[in-house]
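**Q** Next input, structure requested:
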Amino acid sequence: MPGIDVNQLWTPARAIPSPQADQKAPVTNVRGGRYGEQYVLPLTVTKHILADEGSYFIATNVTPGTAQGYNIQAAFSDTTPLIYIQNNDSKANPFGKRLYLDYLKLICTTAPASATGARFALKTDPQLRTLSTNNTLAITPTSPNSDVATQSVCSVNAQNSATASVLTASSGAARLVANASMGGLPIVGDEFVLVCGPADPGAYPGLTAAQAVCPGRKVSCLPPVILGPNSALTVYAWFPGNAATGLSYEFEIGWWER
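**A** Numbering: from 1, shown residues only. So this is what the prediction gives:
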């Protein structure tokens, strides 16, 4: 309309500005942060908006109740992956997407019987790695939004054998971005959940006599993990003291791409 400036007027306001009544006619400035970001009110605290726009993805084992195998692993090894994720977008693509890791869930279906604990770690690498020995299962990521057909730019490989897979060594630019301990001896039915960048870390439940026979959910809080185009993310798992039985597991991973 004539006489109305359609450009937004940006007003940095770290402190809460004065409120205004509903249906106020005059045009007012947009509240912004001191680095140029805009303050907005989200419609929901969940990640439904990411799924709604088609940028949220999950990867899980193909058939619920059918577990994947894992080798006996008692110590950390840089070249022995549990799950290997690759962002296949191009670094040269000006619209290349990053992967924002949300969570990783493991369900124990066969316990590493002689283990004294459960440990996990994550590494990012700006250089892609190669499965020189590949005993993994390729998993196709999918959108939880049934109304979109957006394809993920990432590929996921999850270990599925008692014989270890072998990755080429991580590069000198690789970063260890997460390191987690998840309590004592895992038992069948335990859920291990690694959550990235949670606002509320919560408490870790202590060991009780009942826990020896009753499966539970163990949650560990990791820092925000972001994977750029043409880069690799490796998830490691090991069980100190384990020498007899390898883990069997079901899994689920959630992330978004933007």
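**Q** Same question for stretch 123-141: list its buried residues.
**A** Within stretch 123-141, the residues that count as buried by 16 or more other CB atoms under 10 Å are 123-125, 129, 135-136, 139, 141. To be clear about C-beta, it is placed using only N, CA and C from the backbone, and glycine gets the same treatment.
**Q** Could you tell me which of those residues belong to helices?
**A** Among the buried residues of stretch 123-141, DSSP state H puts none in helices.
**Q** Just the residues you listed: which are in strands?
**A** Of those, the ones assigned to strands by DSSP state E are 123-125, 136, 139.
**Q** now those in JSON lines, with distance to F239?
**A** Listed next are those as JSON lines, based on distance: CB to CB, whole Å:
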{"residue": "K123", "distance to F239": "18"}
{"residue": "T124", "distance to F239": "23"}
{"residue": "D125", "distance to F239": "24"}
{"residue": "T136", "distance to F239": "19"}
{"residue": "I139", "distance to F239": "22"}
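**Q** Farthest pair within the buried residues of stretch 123-141?
**A** T124 and N135 (22.8 Å; CB to CB).
**Q** Pull out the buried positions in the helix or strand bottoming out on mean pLDDT in the chain.
**A** The helix or strand of the chain with the lowest confidence, counting by mean pLDDT, DSSP states H and E, is strand 10-12 at a mean of 79. Counting neighbours by 16+ other CB under 10 Å, one finds that strand 10-12 has no buried residues.
**Q** So V219, which state does it fall into?
**A** Applying DSSP: H, G, I helix; E, B strand; the rest coil to V219 yields a three-state assignment of strand.
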